[in-house]
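Colleague: from the sequence below, what's the structure:
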Amino acid sequence: MTPEQVAASYDQIADQWIDVSTYGFSQVERAVGFVKRKGIALDVGCGTGRLMRLLGGHGFRMDGIDVSPAMLARARDRHPEARLFHADIGRWELPRSYDLIVAWDSVWHVPLSGQEAVLAKLCRGLAAGGVFVFTTGGTDAPDEKQNSYMGPPMYHATLGVPKTLGVLADSGCICRHLEYDQYPEAHVYLIAQKSGNDAPPTSDLVRLRPVEQDDLPRMFEWQLDPESNRMAVTIPRTRDVFDAHWGAALADPRATTRLILVDGVAVGYVSRFPSDGEDHVGYWIDRAFWGRGVASRALQLLVAEVAIRPLHATAATSNGASLRVLQKCGFAVEHVRQSPATDRYPACEEAVLVLR
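Modeller: Below you'll find the model as predicted:
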């Protein structure tokens, strides 16, 4: 069956999933116990949002994806606070890195030919130390079958336990728990954790692409992070102010704004923009990717793309990380000044840097 056919089957039984048991809750709770930073979770195959209340109770902000429009409509009604995506996980690009990814009885609907790529993509989408909990078939070898569940036809596939464990290891994840939780049925759930000591990504994994309107929700979330604002000495924008700012920026032909991708995962943005008659650059990186050389490589790619010189940048003198990134990319401190408080910035000592 294709993902579209699976979606059509789930559309027929969506109402049967509104009030269901706590099936799988204890297993997901076990996975949550391995999570060190309870930031944002992704529920793959979120259905009607069955797990969202559970995860929200642990402090997670929720994203969800499902291929069934009927299931997703009920999730929106029940969880208006969640960010939900109607998409096929096999073709969907993860919008950010996640501290927890749950795929309970969902990714096994992916065609067998796409299973390995989907598991590897979800592993890549974990933040360092992030946790992935999912179910699969507990066979020794790859297998697939079509049957019926609650009436409509359904499709299931598995890589088999040995191959699944190999994909996790190749993707930098460690298996923390594997259990046949419905034995003698071949139903297996696994908990895997991304290494917290990932080596910095090589330069060929960092890519830029133009920012699009659909990128703005994730960019808005990045700029809300308290630790990021503390380091950058910034004040997060409200939604209305954010939308107005970026609406104008994306419409300005003088600006160059690029989304930063690491191995296909969106992790921040970098931009060149006019300010007070000068061309300035700036960037923002998802905190999960700090310390991995992403900002330096992204800024190098931007200044290689933009031929205009001089380019200016400012950074609070307390923000040693940004000063090092700028200097690594050829910017030199020209002077230091006292910057007054604004709606966007607290008063601080600020370095002005120039690339000539």
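Colleague: next up, the contacts around residue 179.
Modeller: Residue 179 is in contact with 27, 188-189, counting by Cβ atoms under 8 Å, 6 or more residues apart in numbering. (C-beta placed from N, C-alpha, C; glycine too.)
Colleague: name the helix or strand for it, please.
Modeller: Assigned by DSSP states H and E, residue 179 belongs to strand 173-180.
Colleague: which elements pack onto the one helix or strand in the chain whose mean pLDDT sits lowest?
Modeller: Ranking every helix and strand in the chain by mean pLDDT, DSSP states H and E puts helix 3-12 at the bottom, with a mean of 80. If you count contacts as 3 or more Cβ pairs under 8 Å, 6 or more residues apart in numbering; DSSP states H and E, helix 3-12 packs onto helix 69-78, strand 153-158.
Colleague: please compute how far stretch 77-88 lies from its chain's middle.
Modeller: Stretch 77-88 has its C-alpha centroid displaced from the chain centroid by 15 Å (Cα atoms, centre = their mean, to the nearest Å).
Colleague: quick test: name the residue nearest the centre of this protein.
Modeller: Nearest to the mean C-alpha position of the chain, counting by Cα atoms, centre = their mean, stands residue 96 at 1.9 Å.
Colleague: what about the spatially closest residue to it that is not a sequence neighbour, which SS state?
Modeller: Leaving aside its sequence neighbours, residue 96 sits nearest to residue 218 (Cβ to Cβ, 6 or more residues apart in numbering; 5.2 Å). The three-state assignment at residue 218 reads helix, by DSSP: H, G, I helix; E, B strand; the rest coil.
Colleague: can you pull the pLDDT of residue 218?
Modeller: If you check residue 218, the pLDDT there is 93.
Colleague: same question for residue 150.
Modeller: Here, the pLDDT recorded for residue 150 equals 73.
Colleague: wait, it touches residue 14, no?
Modeller: No - using Cβ atoms under 8 Å, residue 150 is not in contact with residue 14, being 10.4 Å away.
Colleague: and those two? Which one has more around it.
Modeller: Neighbour count, other Cβ atoms under 10 Å: between residue 150 and residue 14, residue 14 has more, with 19 against 11.
Colleague: quick one: the residue nearest to that one when sequence neighbours are not counted from residue 294, how far?
Modeller: With sequence-adjacent residues excluded and distances taken as Cβ to Cβ, 6+ apart, residue 14 is closest to residue 70, at 3.9 Å. According to Cβ to Cβ, to the nearest Å, residue 70 and residue 294 sit 39 Å apart.
Colleague: those two: who's more crowded?
Modeller: Neighbour comparison, residue 70 and residue 294: the larger count goes to residue 294, with 24 against 18 (by other Cβ under 10 Å).
Colleague: for the more buried one, give me its contacts.
Modeller: Taking Cβ under 8 Å, 6+ apart as the test, what residue 294 contacts is 201, 206, 260, 262, 267-268, 285.
Colleague: can you list those in CSV and add secondary structure, distance to residue 352 and pLDDT?
Modeller: As requested, these are exported to CSV (DSSP: H, G, I helix; E, B strand; the rest coil; distance: Cβ to Cβ, whole Å; pLDDT from 0 to 100):
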residue, secondary structure, distance to residue 352, pLDDT
201, coil, 30, 46
206, strand, 27, 92
260, strand, 24, 96
262, strand, 29, 90
267, strand, 27, 93
268, strand, 23, 95
285, strand, 21, 95
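Colleague: tell me the one of these nearest residue 38?
Modeller: residue 267 (19.5 Å; Cβ to Cβ).
Colleague: that closest one against residue 284, yeah?
Modeller: No - the pair residue 267 / residue 284 is not scored as a contact, 9.7 Å apart, by Cβ under 8 Å.
Colleague: neighbour count for these two, which is higher?
Modeller: residue 267 (28 against 19).
Colleague: what residues does that one make contact with?
Modeller: With contacts defined as Cβ under 8 Å, 6+ apart, residue 267 is in contact with 96-97, 260-261, 285-286, 288-289, 294.
Colleague: that one and residue 173: what is the separation?
Modeller: Distance of residue 267 to residue 173, given as Cβ to Cβ: 18 Å.
Colleague: likewise residue 112?
Modeller: 21 Å.
Colleague: end to end, how far does stretch 145-160 reach?
Modeller: Stretch 145-160 stretches 13 Å from its first residue to its last (Cα to Cα, to the nearest Å).
Colleague: from here on, count from 415
Modeller: OK, 415 is where the count begins now, so the last one is stretch 559-574.
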